[in-house]
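[1] Predicted model, plus sequence, below.
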Amino acid sequence: MPYQRDVLAQHGMIVETFETACTWDRFPALHAAVTDAATTALREICGGGVLTCRFTHVYPDGPAPYFGVYAGGRWGSQVQQWDELKAVLSDTLLANGGTITHHHAVGRDHRPWYDRQRPDLVAAALGAAKQRLDPAGVLNPGVLLPTQPRRP
């Protein structure tokens, strides 16, 4: 998706998929909140657009809804528009019981929301493992934890 997103942005389109997962009891409220936030954000940021939702996986305890947004961008402002939509929809996912990601990992695009969702103890454990296994900080710097100065 990031490759498709970037190519379409070069042609004036704002395209993004927001993956998440939640429990079945939280899905109706999550879906309603994302639909409302996306409709409003697409109108305010892009002048309109389309929201889609599909389940890519379903589990006994809940679904993995993937929301897609598609809109025309203002030439030269596509990255800023994408950033604004990303923030609105990521905030909405977290505020309504969804995870910031499902199975595609965290990545740099999700980091600000992952930091808010991840418990401090998990961050400490990841930091300790990274310090021990990657003291030079060469493996995926800045993806799960803040980038540390590299040691020689």
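    It's in. Numbering: from 1, shown residues only.
[2] measure the residue most central in space within the chain to residue 90 for me?
    What sits nearest the mean C-alpha location of the chain, by C-alpha atoms, centre = their mean, is residue 110, with 4.6 Å. Separation of residue 110 from residue 90 (C-beta to C-beta, to the nearest Å): 7 Å. The C-beta positions use only the backbone N, C-alpha and C, and glycine is treated the same way.
[3] anything in contact with each of the two?
    Taking C-beta atoms under 8 Å, 6 or more residues apart in numbering as the criterion, residue 110 and residue 90 both touch residue 100.
[4] Show me what whichever strand or helix holds residue 87 is packed against.
    Residue 87 is located in helix 78-95, with elements delineated by DSSP states H and E. Using 3 or more C-beta pairs under 8 Å, 6 or more residues apart in numbering; DSSP states H and E, the elements in contact with helix 78-95 are helix 2-10, strand 13-19, helix 27-41, strand 62-72, helix 107-117.
[5] List the buried residues of the last one.
    Going by neighbour count (16 or more other C-beta atoms under 10 Å), the buried part of helix 107-117 is 109-111, 113-114, 117.
[6] Check which helix or strand residue 146 maps to.
    Using DSSP H and E, no helix or strand contains residue 146.
[7] quick one: low-confidence ranges for the protein?
    Applying pLDDT under 70 to the chain picks out residues 1-2, 105, 148-152.
[8] burial of residue 47, as a residue count?
    When neighbours are defined as other C-beta atoms under 10 Å, residue 47 has 12 of them.
[9] Now do the phi/psi pair for it.
    Backbone geometry at residue 47, expressed as degrees, to the nearest 10, gives phi 80, psi 10.
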